[in-house]
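In: need the 3D shape of this:
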Amino acid sequence: MNRTPFALLSAALLFALPLSGQAQQGPAPQGGARPPATRPPAVQPGQRLAPISLQGRYLAARVGEQDHDYDAAADQMDQALALTPLDPELIYAVFRLRMYAGRIDSAAELAPAVLATRPGDGFANLVMAIQAIKKGEYKAAEQQLNKIGAENQLGALRDYVMAWLKAGEKDYSAARALLVRLKPAAGERAEAPSLVIEGQIDEMAGDKAAAEAKYRRAMSIDRNGLRTTISVAEGMRRLGKDAEAREILKTYGARYGDSVVMDGLMGPNAPMPKPPTPASGIAEILFDIGGILASDPRNQRTDLALIFYQLATALKPEQDFAWLMIAGLYEQFHQIPKAIAALGRIGPTSPLYWQARLRTAALDAQEDKFDQAVARLRTLVAEKPDRIDAALTLADLLRSKDLFAEAVAAYDTAISRLGTPDERHWQVYFGRGIVLERTKNWPKAEADMKKALELSPEQPYVLNYLGYSWIDQGLHLQEGMKMLERATELRPDDGSITDSVGWAYYRLGQYEKAVEWLERATEQKGDDSTITDHLGDAYWHVGRRREARFQWERALHQKPDKDRLPIIQDKIANGLNPSNDKPTVYEKAADSKQGG
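Out: Numbering: from 1, shown residues only. Purely as a prediction, here's the structure:
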């Protein structure tokens, strides 16, 4: 899709817009330069503020869009349009921002005016088609889509949209002909969603046997696909195969028990899935287009993905995958309240309801609503005693706030629910190992670190943490250094891991090597107070004392932990001395501590 038409109006266009009498500005002084800005006079009691100009509204909208605050941007642009309601460029700008804000119905109100000057515009025609689909006017929707310019087609998915429209017109032979033409090669993963669409259209046509065969084939191809699993299970339930549908969901839930909750779909009171319609089918295709845009590394406009997700929910308000993705984009845009609002659209019967509630709690924490986040998570932990994800989320949140003892208890809960751990659970033991180490319980911390490596031997962060901890305590020095070296091989550009190697050499008294590695670490992660502090210590020991103090000064301004502040200040004032320098670990002294 050509992205150029959806860019903001340029500054040159802004000042070319016709202005109302109220919005006009005085001419610039002779020579084109304006006098320096002065502080505006104070507003007197009872004095009326001058109305905001068209330019002011437009610039406010532009700032809102750059901040991804599309609601505020759309509000400002709406008010700008009220000042010049017939300007085609402004109409188009308002139309765009309403789309970004998810105000699809109000965007559709402007679509005819957009099409008057841009008859082939992709989004304007698409919005008009969506409005027709919502009314069941499938022929009108088809005609609208046929007006889209060749450069703005829906790509390979366009014919799937047309197949759904033909099905809506009850022209099933034409719909099937389109699907046959689009059919992927047998066995390809792309065949599964194609078969699901074929099965749903067969359902609409009343051919239950054909629909069932296609659902079964889709499931055999894509047993790991969540959306395929849900679509097939819903189709089988509609076809009267309730027990089989529940078994499909149960099997998936057992295989991926800590990723998605299937309870809402498997419960005895789960509502019957709605029959397939062109609106629901096309909503899935719009969602897929959004996913393609969001995941393509060449696409620099993830906000376009937001539009397609919004369009999907306009056709199918219960498209909960779209709401989840909208929330994710808003989180990426640092619009946390909007992300929480999107998650709130996911209801209790959705398979994503649990995930939405977990994510909401995490977002509460980002909004400095820590107590509320913890309360939500404790409720979730108690609500489903067979699940580990809420306990893990709670443990990670408590750890982030240095509430290590409480975090240990939450990790204990998660581990008690694991059953037989496998490779994916290394993070659980690693997390508990970290907080146990912080609570000075090294024997148990060490056991958890070893368990994490037993489950997944090549995890660089576990190798780093355990290897560093051993050397820092004078334990297993050779094995610890081998672990650190392997961690750097796996993550050569990670400043924290590079710092661990440098500090290990420091603790071993090999200061020249320590300088070499710590300098490399500061190049990789120069804003880290701990790394900068370490480099200062190493410089001191090799006689580069002026540079050492310079690094400590830098560390002081890089927000070190509070307990490190007085130590760094002492080093700046007095240099290294026994009271502020970590003593060196000697191999001979450590030998007696070896033993596993």
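
In: for the rest of this, base every contact and every neighbour count on C-alpha atoms.
Out: OK.

In: what about stretch 453-465, start to end distance?
Out: With CA to CA, to the nearest Å as the measure, the ends of stretch 453-465 fall 11 Å from one another.

In: so for it, what gets flagged as buried?
Out: Counting neighbours by 16 or more other CA atoms under 10 Å, one finds that the buried residues in stretch 453-465 are 453, 455-456, 459-465.

In: cool, stretch 320-335 as well?
Out: 320-331, 333, 335.

In: repeat that for stretch 562-572.
Out: 564, 567-572.

In: same question, stretch 215-224
Out: Going by neighbour count (16+ other CA under 10 Å), the buried part of stretch 215-224 is 215-219, 221-222.

In: about what we covered before: dump the buried residues of stretch 562-572 to JSON lines, plus secondary structure, pLDDT and distance to residue 388.
Out: As requested, these are arranged in JSON lines below (DSSP: H, G, I helix; E, B strand; the rest coil; pLDDT from 0 to 100; distance: CA to CA, whole Å):
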{"residue": "564", "secondary structure": "helix", "pLDDT": "91", "distance to residue 388": "35"}
{"residue": "567", "secondary structure": "helix", "pLDDT": "95", "distance to residue 388": "40"}
{"residue": "568", "secondary structure": "helix", "pLDDT": "96", "distance to residue 388": "41"}
{"residue": "569", "secondary structure": "helix", "pLDDT": "95", "distance to residue 388": "44"}
{"residue": "570", "secondary structure": "helix", "pLDDT": "95", "distance to residue 388": "45"}
{"residue": "571", "secondary structure": "helix", "pLDDT": "96", "distance to residue 388": "45"}
{"residue": "572", "secondary structure": "helix", "pLDDT": "96", "distance to residue 388": "47"}
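
In: closest one of those residues to residue 309?
Out: Of all the buried residues of stretch 562-572, residue 564 has the smallest distance to residue 309: 47.2 Å, by CA to CA.

In: show me what the helix or strand that contains residue 176 is packed against.
Out: Residue 176 is part of helix 172-182 when elements are defined by DSSP states H and E. Using 3 or more CA pairs under 8 Å, 6 or more residues apart in numbering; DSSP states H and E as the contact definition, the elements that helix 172-182 packs against are helix 158-168, helix 191-205.

In: any chance of those helices in TSV, with distance to residue 480, mean neighbour count and mean pLDDT too?
Out: Output for the helices and strands packed on helix 172-182, formatted as TSV (distance: least, CA to CA, whole Å; neighbours: other CA atoms under 10 Å; pLDDT from 0 to 100):
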stretch	distance to residue 480	mean neighbour count	mean pLDDT
helix 158-168	57	23	93
helix 191-205	48	23	95
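
In: would you list those in a markdown table and tack on distance to residue 76?
Out: Converted to a markdown table, these look like this (distance: least, CA to CA, whole Å):
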| stretch | distance to residue 76 |
| --- | --- |
| helix 158-168 | 34 |
| helix 191-205 | 41 |
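
In: residue 103: which of those is closest?
Out: Each of the helices and strands packed on helix 172-182 was scored for nearness to residue 103 using CA to CA, and the closest is helix 158-168 (22.1 Å).

In: helices - which of the buried residues of stretch 215-224 land there?
Out: Using DSSP state H, the subset of the buried residues of stretch 215-224 located in helices is 215-219, 221.

In: does the residue positioned nearest the centre of the chain lie in a helix or a strand, and which?
Out: For the chain, residue 328 is the residue whose C-alpha lies nearest the centre (CA atoms, centre = their mean; 4.1 Å). When secondary structure is defined using DSSP H and E, the element that contains residue 328 is helix 320-332.

In: what does residue 565 give?
Out: Under the criterion of DSSP H and E, residue 565 resides in helix 565-574.

In: check which helix or strand covers residue 449.
Out: Residue 449 belongs to helix 442-455, assigned by DSSP H and E.

In: show me what that helix is packed against.
Out: Using 3+ CA pairs under 8 Å, 6+ apart as the contact criterion, the neighbours of helix 442-455 among helices and strands are helix 426-438, helix 460-472.

In: tabulate the ones you listed (a markdown table), appending distance to residue 106 and mean pLDDT.
Out: Listed next are the helices and strands packed on helix 442-455 as a markdown table, based on distance: least, CA to CA, whole Å; pLDDT from 0 to 100:
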| stretch | distance to residue 106 | mean pLDDT |
| --- | --- | --- |
| helix 426-438 | 47 | 96 |
| helix 460-472 | 50 | 95 |
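
In: turn the ones you listed into JSON lines, including distance to residue 95.
Out: Rendered in JSON lines, the data for these read as follows (distance: least, CA to CA, whole Å):
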{"stretch": "helix 426-438", "distance to residue 95": "46"}
{"stretch": "helix 460-472", "distance to residue 95": "48"}
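
In: nearest spatial neighbour of residue 203, skipping sequence neighbours?
Out: Nearest residue to residue 203, sequence neighbours excluded (CA to CA, 6 or more residues apart in numbering): residue 211, at 5.8 Å.

In: how far off helix 460-472 does the helix or strand harbouring residue 505 point, in degrees?
Out: Element membership for residue 505, per DSSP H and E: helix 495-507. With axes from the mean of the first three to the mean of the last three CA atoms, to 10 degrees applied, the angle from helix 495-507 to helix 460-472 works out at 20 degrees.

In: next one: helix 495-507 to chain centre, how far?
Out: 32 Å (CA atoms, centre = their mean, to the nearest Å).

In: residues contacting that helix, please?
Out: Defining contact as CA atoms under 8 Å, 6 or more residues apart in numbering, one finds that helix 495-507 is touched by 461, 464, 468, 471-472, 481, 484-485, 487-488, 491-492, 511, 513-518, 520-525, 531, 534, 538, 582-585.

In: report the buried residues of the next helix or strand after it.
Out: Next helix or strand after helix 495-507 toward the C-terminus (DSSP H and E): helix 511-524. By neighbour count on 16+ other CA under 10 Å, the buried set for helix 511-524 is 511-515, 517-522, 524.

In: nearest to residue 339 among the residues you listed?
Out: Within the buried residues of helix 511-524, the smallest distance to residue 339 is 32.5 Å, found for residue 524 (CA to CA).

In: quick one: low-confidence parts of the stretch 451-596 of the chain?
Out: Judged by pLDDT under 70, the stretch 451-596 of the chain has its weakly predicted residues at 585-596.

In: make JSON lines from the buried residues of stretch 562-572 and add distance to residue 110 to it.
Out: What follows is these, written out as JSON lines (distance: CA to CA, whole Å):
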{"residue": "564", "distance to residue 110": "60"}
{"residue": "567", "distance to residue 110": "64"}
{"residue": "568", "distance to residue 110": "62"}
{"residue": "569", "distance to residue 110": "63"}
{"residue": "570", "distance to residue 110": "67"}
{"residue": "571", "distance to residue 110": "67"}
{"residue": "572", "distance to residue 110": "65"}
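
In: so what's residue 54 scoring on pLDDT?
Out: pLDDT recorded at residue 54 is 83.

In: ok, it to residue 82 distance?
Out: From residue 54 to residue 82 the distance is 9 Å (CA to CA).

In: residue 106 now?
Out: Distance from residue 106 to residue 82, counting by CA to CA: 15 Å.

In: now do residue 357
Out: Taken as CA to CA, the spacing of residue 357 relative to residue 82 amounts to 40 Å.

In: now swap in residue 306 and tell me
Out: Taken as CA to CA, the spacing of residue 306 relative to residue 82 amounts to 26 Å.

In: what's the next helix or strand after the helix holding residue 328 packed up against?
Out: Sequence-wise, the next helix or strand downstream of helix 320-332 (DSSP H and E) is helix 336-343. Contacts of helix 336-343 with other secondary structure elements, assessed using 3+ CA pairs under 8 Å, 6+ apart, are made with helix 320-332, helix 353-366.

In: in the longest one, what's buried?
Out: Pointing back at helix 353-366 there. Quick answer for helix 353-366 (16+ other CA under 10 Å): 353-365.

In: any idea of the angle that helix forms with helix 336-343?
Out: If you take the same axes, to 10 degrees, helix 353-366 sits at 170 degrees to helix 336-343.
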